[in-house]
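**Q** How does the following fold in three dimensions:
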Amino acid sequence: MSKISSLHYITPNLDHPKDYLDAIHSYCEAGGKWVQLRMKAFPKAVILRTAFGAKEICDEFGCSLIINDHPEIAHKSGAFGVHVGKKDKAVQDIRERYGSRLVIGATANTLEDILAVANDADYIGLGPFRFTSTKKDLSPTLGITGYQSIIPKVKNVYPALPIIGIGGIVTEDFPSLKASGLSGVAVSGLLHQSNHPQELIKEIQNTFDYVDYRQ
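**A** Next up is the predicted model:
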């Protein structure tokens with residue numbers, strides 16, 4: 001059975017496609033096993049070419065590649081899956097078109113957001129935990145109390161659905177986020193700017209165990 005990793009590295013906003021490939025290579029060299037290629041400011045043709053390059057790197061290191069926003073690019077490039085936001089293509093439509101060929105992650109900010117996609121998504125990215133400059137048009141921040149309120153209600157209905165925390169997460173947050181019931185965390189700048197990415201990756205992996213994904 002495949003796994004949803006406890007650590008999702010999301011590429012930060014960078015200037016050139018090669019910068020994204022370099023960032024992914026460095027992350028894989030440090031031991032990362034799950035990366036989401038997120039290139040908001042680039043046209044689809046550039047994202048597709050970069051996705052093929054990212055797939056080669058990920059294959060070399062045994063890392064799962066997720067494409068942000070674009071299921072058709074994920075499918076064409078042979079990526080492991082796609083992650084979509086609340087305003088992107090509907091999760092149900094993606095599942096109907098691609099079946100189990102793509103792992104599907106969905107962004108959520110509320111319990112209602114999660115329940116709307118829970119039957120079709122393989123995992124949920126719930127946030128933002130706190131303000132982050134990585135992403136524009138942020139939904140309201142949840143904080144630890146938001147997770148403590150939402151996650152138990154989801155687990156009552158969908159106990160096997162992995163929920164990943166996202167948004168401005170720092171190292172000191174890991175224990176409380178784990179205690180809230182999260183299956184893992186998604187980070188961007190925290191890893192990209194780290195001087196010791198290997199140690200940080202191991203710390204996250206040691207805090208959050210791997211969890212089975214549902215299909």
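
**Q** Contacts made by the longest helix anywhere in the chain with the rest, please.
**A** Ranked by residue count and defined by DSSP state H, the top helix of the chain is helix 44-61. With contact meaning Cβ atoms under 8 Å, 6 or more residues apart in numbering, helix 44-61 is reached by 17, 20-21, 24-25, 28-29, 32-33, 35, 37, 39, 42, 63-65, 67, 70, 73-74, 76-79. For the C-beta atoms, the positions are set from N, CA and C on the backbone; glycine is no exception.

**Q** could you flag which of those are buried?
**A** Among these, those that count as buried by neighbour count (16 or more other Cβ atoms under 10 Å) are 17, 20-21, 24-25, 28, 32-33, 35, 37, 39, 63-65, 67, 70, 73-74, 77, 79.

**Q** Which strand or helix spans residue 169?
**A** Using DSSP states H and E, residue 169 falls within no helix or strand.

**Q** Around it, count how many other residues there are.
**A** Neighbourhood size, residue 169 [other Cβ atoms under 10 Å]: 23.

**Q** mind listing what it touches?
**A** 129-130, 177, 185-187, 190.

**Q** Report the lowest-confidence entry in those.
**A** Across these, the smallest pLDDT goes to residue 130, namely 91.

**Q** Run through the protein and note the low-pLDDT ranges.
**A** Across the chain, the ranges flagged by pLDDT under 70 are 1-2, 133-136, 210-215.

**Q** how about 50 then?
**A** Along the chain, segments meeting pLDDT under 50 span 1-2, 212, 215.

**Q** what ranges do the helices span in it?
**A** According to DSSP H, the helices that the chain contains are 17-29, 44-61, 71-77, 91-98, 111-117, 143-157, 174-179, 189-192, 197-207.

**Q** Using CSV, list the CA coordinates for the longest one.
**A** In other words, helix 44-61. This file holds the C-alpha atoms of helix 44-61, laid out as CSV (Å, rounded to 0.1, in the frame of the first residue of the first chain):
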residue,chain,number,x,y,z
LYS,A,44,1.5,25.8,-18.1
ALA,A,45,4.0,24.9,-20.8
VAL,A,46,6.9,25.9,-18.4
ILE,A,47,5.3,24.1,-15.5
LEU,A,48,5.0,20.9,-17.7
ARG,A,49,8.7,21.0,-18.7
THR,A,50,9.7,21.6,-15.2
ALA,A,51,7.5,18.8,-14.0
PHE,A,52,9.3,16.3,-16.3
GLY,A,53,12.6,17.5,-14.9
ALA,A,54,11.3,17.2,-11.3
LYS,A,55,10.0,13.7,-12.0
GLU,A,56,13.5,12.5,-13.1
ILE,A,57,15.0,13.9,-9.9
CYS,A,58,12.3,12.4,-7.8
ASP,A,59,12.6,9.0,-9.5
GLU,A,60,16.4,9.0,-8.8
PHE,A,61,15.8,9.5,-5.1
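
**Q** Against residue 58, how distant is residue 9?
**A** Applying Cβ to Cβ, to the nearest Å, the value for residue 9 to residue 58 is 11 Å.

**Q** quick one, what contacts residue 12?
**A** Neighbours of residue 12 in contact, by Cβ under 8 Å, 6+ apart: 23, 134, 188-189, 192.

**Q** shared neighbours of residue 9 and residue 58, anything?
**A** Between them, residue 9 and residue 58 share the contacting residues residue 35, judged by Cβ under 8 Å, 6+ apart.

**Q** Now do the contacts for the residue nearest to residue 7 when sequence neighbours are not counted.
**A** Distance criterion Cβ to Cβ, 6 or more residues apart in numbering; nearest residue to residue 7, sequence neighbours excluded, is residue 204 at 4.5 Å. Counting by Cβ under 8 Å, 6+ apart, residue 204 touches 6-7, 174, 184-185, 187.

**Q** Great, nothing more from me.
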